[in-house]
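1. My questions are about this predicted structure, shown below with the sequence.
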Amino acid sequence: MSAPYLGDFVEDAALHFMWSTNDSNGASITRSTNGEVRVYKDNGVSQSTAGVTDTEDFDSLTGVHVCTIDLSADAFYAVGANYTIVLQGATIDGQTVNAVLAHFSIENRSALRPTTAGRTVDVTAGGAVGIDWANIENPTTAVDLSGTNIQLADTATVVGSVTGAVGSITGNVGGDVQGNVDGSVASIGAGGVIDGAIAAAELANIADACLDRRLDLGVDNGGNTTTTRTWRQALRAMRNRVVIAAGTMTVYEEDDITSDWTGAVTTAAGDPISEINPS
């Protein structure tokens, strides 16, 4: 029977295997003389017993033996080498026995190995290697994803969120920007805001903000008010009902009933209006 290949081990691992001894009739027997279990490197005569533990009659089972080899025990066990485990000088059933027990190698088969020994590689349902976003080489290097969509499981939202800075967006944003744009927009090209791009309600909000902008401070007033001077108040005097009575001019709101603002009217001889002083 040929000696088994135990596998390709990582550097400094520990390997274990069992082997047995029998008499000429096949019955299990122990060794009269244990002999020595030694390890040969590659196809040379270089050999070592470093890290080798040979346990005879394991678990009180006659003829069943356990061998453990600690590959961290000596520099003899090196990456890229093949090894053969040999029993030398044992006496079994009255016969001197030299025998090859097993073979193994140290990182001399598979090119792809986990960084941490004993770990497995995560793969997708289709067999591709999974990606750990927390462990990507050169994460700050620019990558061209022009042919890739980043899409959530709902199949509708293309990007859930971008928490960092975005250097530039040169293409179209096909979906909604549901969060806030806290930074500045450098420029909007010609035709960048097309007809109908801004909802009617938001256009109304912009118009109201312009009408309620304070004339004295050049800031938004925040609402329709009669306590500050705004563009809305100025326009009302041009378009809405205006009444001058008993030295007071009253400018009304759009219903021509509700007073918006008043001003004191000063007259000269012949009652011409010489001054209107808004309150």
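-> Cool, got the structure.
2. State the distance from the residue nearest the centre of the chain to Leu145.
-> The residue lying closest to the centre of the chain (CA atoms, centre = their mean) is Trp133, at 4.1 Å. With distances taken as CB to CB, to the nearest Å, Trp133 is found 14 Å from Leu145. C-beta: built from backbone N, CA, C; applies to glycine.
3. my guess is Gln233 meets Trp261, correct?
-> Yes. Judged on CB atoms under 8 Å, Gln233 makes contact with Trp261 at a distance of 5.5 Å.
4. hey, which helix is longest across the chain?
-> When the chain is parsed with DSSP state H, its longest helix is helix 200-211.
5. Report all helices and strands that that helix contacts.
-> helix 231-239 (3 or more CB pairs under 8 Å, 6 or more residues apart in numbering; DSSP states H and E).
6. what angle do the helix it packs on and helix 200-211 make?
-> 80 degrees (axes from the mean of the first three to the mean of the last three CA atoms, to 10 degrees).
7. Can you dump the C-alpha atoms of helix 231-239 in PDB for me?
-> Output in PDB follows, covering the C-alpha atoms of helix 231-239 (Å, rounded to 0.1, in the frame of the first residue of the first chain):
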ATOM      1  CA  TRP A 231     -41.000  93.700  -1.900                       C
ATOM      2  CA  ARG A 232     -44.500  92.400  -1.300                       C
ATOM      3  CA  GLN A 233     -45.500  95.500   0.600                       C
ATOM      4  CA  ALA A 234     -44.000  97.800  -2.100                       C
ATOM      5  CA  LEU A 235     -45.900  96.000  -4.900                       C
ATOM      6  CA  ARG A 236     -49.200  96.200  -2.900                       C
ATOM      7  CA  ALA A 237     -49.100 100.000  -3.000                       C
ATOM      8  CA  MET A 238     -48.900  99.800  -6.800                       C
ATOM      9  CA  ARG A 239     -51.600  97.200  -7.400                       C
END
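8. Not counting its own residues, what contacts that helix?
-> 210-213, 215, 224, 226, 251-254, 260-261 (CB atoms under 8 Å, 6 or more residues apart in numbering).
9. buried ones in that helix?
-> 232-233, 236-237 (16 or more other CB atoms under 10 Å).
10. Quick check: can you name the pairing partners of the helix or strand just after that helix and their directions?
-> Counting by DSSP states H and E, the element after helix 231-239 in chain order, helix or strand, is strand 242-245. Here strand 242-245 is paired, per DSSP bridges, with strand 248-252 (antiparallel).
11. average pLDDT across the helix or strand following the partner strand?
-> The C-terminal neighbour of strand 248-252 among helices and strands, as given by DSSP H and E, is strand 259-267. The average pLDDT for strand 259-267 rounds to 87.
12. Please, where are all the strands along this protein?
-> For the chain, the strands defined by DSSP state E cover 5-9, 14-20, 36-41, 47-48, 52-55, 64-70, 82-92, 95-106, 242-245, 248-252, 259-267, 273-278.
13. Report the residue spans of the stretch 51-200 of the chain with pLDDT below the cut-off.
-> 110-113, 117-118, 146-179 (pLDDT under 70).
14. again, only this time at 50
-> 160 (pLDDT under 50).
15. now Ile29: how far from Glu36?
-> Between Ile29 and Glu36 the distance, using CB to CB, works out to 19 Å.
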